[in-house]
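Q: Quick check, what structure comes out for this input:
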Amino acid sequence: MSETYPGNPLEVIFSERGQFERYLQFEAALAEAEAELGLIPEEAAREIVRVAVFETLDINKLNSDTLRTGYPIAPMVRQLTAACRDDLGQFVHWGSTTQDVMDTGLVLQIRDSLIHIEDDLKQLVRSLADLAQRHRDTLMVARTFGGHALPFTFGAKVARWLSSVCRHLERLEQLRPRVLVGEFGGAVGTLASFGTHGAEIRERLMSKLELAEPLAVWHAARDSVAECATFLGLVTSTLGKIGHDVTTLCTSDVGEVFEPVSGGRDASSTLPQKQNPVYSGRVVANARVVASHVSLLLEAARQDHERGPQGFIEKRMLPDTFVLTGETLVTTLHIIGGLRVDEERMRANLDASGGTIMAEAATMALSPHLGRLKAKDLVHDACERVGAESVDLVTVLGADPEVTQHLTPEQLARTMDPENYLGNVGEEIDRVVAHAREVAQ
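A: As a prediction, this is how the structure comes out:
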């Protein structure tokens, strides 16, 4: 079980029980479809449905047998066959193959997991929209390569996180028709074992499981599974970016935001003053692990001919990718829901540069009079003096005749006020928040 998210529903879906329950769901639906077409007796179908429950299985024996066979389906079929009365078990798994069961079972797991991921993404959209709106006008430093760049607002930073999450919801809606497709083809995808009934059985089977029919058998065409994994990688990449931003803003030298309190007096075992951003750290770590899993799942998609051993990679990595994504989403929700913002510290950090953060504003104000490059060089030299002489940029520029010739003290003061150099971030925040409210409905 997950140490950070013990109630993770995705862990339940991808558990041993969750896996076999979906395999059994396939076998029961297959028997019903075949009985409807007269391929197996109706009595056999009813018996197969009766025994196709998890409690029928001897899991210890099944796992032991799987070590010998490599896949769990043949041992599972033997147990179901033995559990049926009156020799009706001979019709279990009639005409099907291991890959049909495992692929369709996997899609059923994916379908159920995506429901939870969508719910959590929508909740995150709502939480981020509230945060962005609340801090629409909270001034802070915009940082590029770790250095102070321009005035910004915390609402704008959050809105850009939010826009990415909105796109993930759009991606999720778009990928479902491609991913939620069942598998049924027999040994190499020809349906030869079903005679003339193969296509009709597949149609009925997928209808019962509420999955789309495949355009072509995808035993060895894993692009849809890889697309789903890549989607999870994109989601956790955005969450990792949020976690990294929060982590750096939590540092003692910056101190602009703080995570929800964790650990109480035991946040550190030895340092009483420490409050480590442990939740954000987990998010960043999970995002890196998922990224590595996605790389391997893309490798697994390159299967040999009609099926190859690459499927063992997929079977190992995809469940963990889903579970980690679910954990990372819930941890991010916890962070955003309890994030503490120090607006005064944000403003103090903005003012700490001695006005050099407004250098571009000064350059743009002087460019119509001096030309852009001359204005840029003048302001650059003035910024050098700010650092060397411990004065602010307004003072240096206000003492320069080339500046005062074109800008009055009042004009210079307005130019150097960060609140006057935010561009269209307010409108951008409003637009993103309005879009997010619609997306999260």
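
Q: In this structure Phe91 contacts Ile48, no?
A: Yes - Phe91 lies in contact with Ile48 (C-beta atoms under 8 Å); the separation is 6.7 Å. C-betas here are computed from N, CA, C, even on glycine.

Q: More neighbours: which of the two?
A: Neighbours were tallied for Phe91 and for Ile48 using other C-beta atoms under 10 Å; the higher tally belongs to Ile48 (29 against 22).

Q: Could you pull up the residues touching that one?
A: Contacts for Ile48 (C-beta atoms under 8 Å, 6 or more residues apart in numbering) come out as 27-28, 31, 80, 84, 88-89, 91-92.

Q: Kindly recompute the last result at 10 Å.
A: 24, 27-32, 34-35, 40, 80-81, 83-84, 88-89, 91-94 (C-beta atoms under 10 Å, 6 or more residues apart in numbering).

Q: just Asp87 next, same as before
A: For Asp87, the contacting residues are 44, 47, 81, by C-beta under 10 Å, 6+ apart.

Q: Sitting in helices, which of these do you find?
A: Taking DSSP state H, the ones among the contacts of Asp87 that sit in helices are 44, 47, 81.

Q: What separation is there between the residue lying closest to the second one once chain neighbours are set aside and Ser193?
A: Excluding its sequence neighbours, the residue lying closest to Glu47 (C-beta to C-beta, 6 or more residues apart in numbering) is Leu88, at 4.4 Å. For Leu88, the distance to Ser193 equals 19 Å [C-beta to C-beta, to the nearest Å].

Q: So those two - more neighbours on which side?
A: Here Leu88 and Ser193 are set side by side on neighbour count (other C-beta under 10 Å), and the busier one is Leu88, at 20 against 14.

Q: okay, and the common contacts of Phe91 and Ile48?
A: 30-31, 34-35, 40, 81, 84.

Q: and the residues you listed, which are buried?
A: With burial judged by 16 or more other C-beta atoms under 10 Å, the buried subset of the shared contacts of Phe91 and Ile48 is 30-31, 34-35, 40, 81, 84.

Q: Determine the longest helix present in this protein.
A: Among the elements of type helix in the chain, defined by DSSP H, the one spanning the most residues is helix 98-134.

Q: Ile115 touches Pro9, doesn't it?
A: Yes - the pair Ile115 / Pro9 is scored as a contact, 9.1 Å apart, by C-beta atoms under 10 Å.

Q: of the two, who's got more company?
A: Just comparing Ile115 and Pro9: by other C-beta under 10 Å the higher neighbour count belongs to Pro9, 18 against 11.

Q: Tell me who's in contact with the closest residue to that one other than its chain neighbours.
A: Using C-beta to C-beta, 6+ apart and skipping residues adjacent in sequence, the residue nearest Pro9 is His116, 5.2 Å away. By C-beta under 10 Å, 6+ apart, His116 lies in contact with 8-10, 12-13, 322, 325-326, 329-330.

Q: which of these has the weakest pLDDT?
A: Looking at the contacts of His116 by pLDDT, the weakest one is Asn8, with 87.

Q: Next, the buried residues of the longest helix of the chain.
A: When neighbours are counted by 16+ other C-beta under 10 Å, the buried residues of helix 98-134 are found to be 98-114, 116-117, 120-133.

Q: Could I get the average pLDDT for it?
A: Averaged across helix 98-134, pLDDT comes to 97.

Q: following it, which helix or strand comes up?
A: Counting by DSSP states H and E, the next helix or strand C-terminal to helix 98-134 is strand 139-144.

Q: Sheet-wise, list the partners of whichever helix or strand comes after that following strand with their directions.
A: Using DSSP H and E, the helix or strand that directly follows strand 139-144 along the chain is strand 147-153. Its sheet considered, strand 147-153 pairs with strand 139-144 (antiparallel) by DSSP bridges.

Q: Can you list the neighbours in contact with the strand it pairs with?
A: Here strand 139-144 has contacts from 147-157, 245, 248-249, 254, 256-257, 341, 343, 345-347, 349-353, 357, 418-419, 422, 425, using C-beta under 10 Å, 6+ apart.

Q: Which ChimeraX command selects the buried ones in these?
A: Under the burial definition 16+ other C-beta under 10 Å, those of the contacts of strand 139-144 that qualify are selected in ChimeraX by:
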select :148,150,151,152,153,154,155,156,157,245,248,249,254,256,257,341,345,346,347,349,350,353,357,418,422,425
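
Q: Which residue ranges make up the domains of the protein?
A: Per automatic domain parsing, the domain ranges recorded for the chain read 1-96+188-214, 98-183+218-347+424-441, 356-415.

Q: now the end-to-end length of the shortest one.
A: Across domain 356-415, the straight-line distance between its terminal residues is 12 Å, by C-alpha to C-alpha, to the nearest Å.

Q: gap between the longest helix of the chain and the chain center?
A: With C-alpha atoms, centre = their mean, to the nearest Å as the basis, helix 98-134 stands 9 Å off its chain's centre.

Q: Could you pull out the strands in this structure for me?
A: Secondary structure of the chain by DSSP state E: the strands cover 139-144, 147-153, 257-258, 340-341.

Q: Put the alpha carbons of the second one into CSV.
A: Listed in CSV are the C-alpha atoms of strand 147-153, where the atom choice follows Å, rounded to 0.1, in the frame of the first residue of the first chain:
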residue,chain,number,x,y,z
GLY,A,147,16.9,35.5,-11.3
HIS,A,148,14.5,38.5,-10.9
ALA,A,149,13.0,39.3,-14.3
LEU,A,150,9.9,41.5,-14.1
PRO,A,151,7.0,42.3,-11.8
PHE,A,152,4.3,39.6,-11.9
THR,A,153,1.4,38.4,-9.8
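
Q: what comes into contact with it?
A: 132, 135-144, 159, 346, 349-350, 352-353, 356-361, 417-423, 425-426, 428-429.

Q: Make a markdown table from the ones in helices among the contacts of Asp87 and add pLDDT and distance to Lys315 to it.
A: Formatted as a markdown table, the entries for those read as follows, by pLDDT from 0 to 100; distance: C-beta to C-beta, whole Å:
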| residue | pLDDT | distance to Lys315 |
| --- | --- | --- |
| Ala44 | 97 | 30 |
| Glu47 | 98 | 30 |
| Thr81 | 97 | 24 |
